[in-house]
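Colleague: Requesting a structural model of the entry that follows:
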Amino acid sequence: MKTKTILVLLVLLAFGAYSAGVVWQHGYFGFLALLSEPWGPQVLIDLALAVFFFTAWMIPDAQRRGISPWPYLGLCVALGSLGALGYLLHRGLRPLPAGAES
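Modeller: The predicted structure is shown next:
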């Protein structure tokens, strides 16, 4: 396994565990409490933009690699960065098909 893939796996596991703990304590929609703070909307908009641009890159990349992008698109919408990390892990474990450009 490549070093990058191992790093993505470690970040996915660590951030996934942290996120699960936060959701366990505050609920899936607990982040809505941030909307009453000035930084809350800024952070949420920033995350939405980052995930949007990631998925805009991910869809053609996944299709070129023979990976269905749709499960990861759903995960990005529901889980944000965790969906992106999941795709990057899958991408790192799957070799590029012969004839496809990297």
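Colleague: CA only for contacts and neighbour counts going forward, please
Modeller: OK.
Colleague: can you pull the contacts of the residue nearest the centre of the chain?
Modeller: Nearest to the mean C-alpha position of the chain, by CA atoms, centre = their mean, lies A84 at 2.0 Å. Neighbour list for A84: 51, 54-55, 72, 75-76 [criterion: CA atoms under 8 Å, 6 or more residues apart in numbering].
Colleague: Report the mean per-residue pLDDT for the strand or helix carrying it.
Modeller: Element membership of A84, judged by DSSP states H and E, is helix 81-93. Mean pLDDT, computed over helix 81-93, is 96.
Colleague: mind checking how far V11 is from L82?
Modeller: 9 Å (CA to CA, to the nearest Å).
Colleague: These two: who's more crowded?
Modeller: L82 (20 against 14; other CA atoms under 10 Å).
Colleague: How many neighbouring residues does the closest residue in space to L85 that isn't next to it in sequence have?
Modeller: If you skip the residues right next to it in sequence, L85 has L12 as its closest partner in space, 5.9 Å away by CA to CA, 6 or more residues apart in numbering. Here the count is done by other CA under 10 Å, and L12 has 20 residues near it.
Colleague: Pretty sure L12 sits against G83.
Modeller: No. Checked against CA atoms under 8 Å, the pair L12 and G83 is beyond contact range at 9.2 Å.
Colleague: What angle do helix 81-93 and the longest helix belonging to the chain make with each other?
Modeller: Counting by DSSP state H, the longest helix found in the chain is helix 39-65. For helix 39-65 against helix 81-93, the angle by axes from the mean of the first three to the mean of the last three CA atoms, to 10 degrees is 20 degrees.
Colleague: what is the mean pLDDT for helix 39-65?
Modeller: Helix 39-65 comes out at a mean pLDDT of 95.
Colleague: which helices and strands sit right next to it?
Modeller: Packing contacts for helix 39-65, counted by 3 or more CA pairs under 8 Å, 6 or more residues apart in numbering; DSSP states H and E, involve helix 70-79, helix 81-93.
Colleague: Many thanks, we can stop here.
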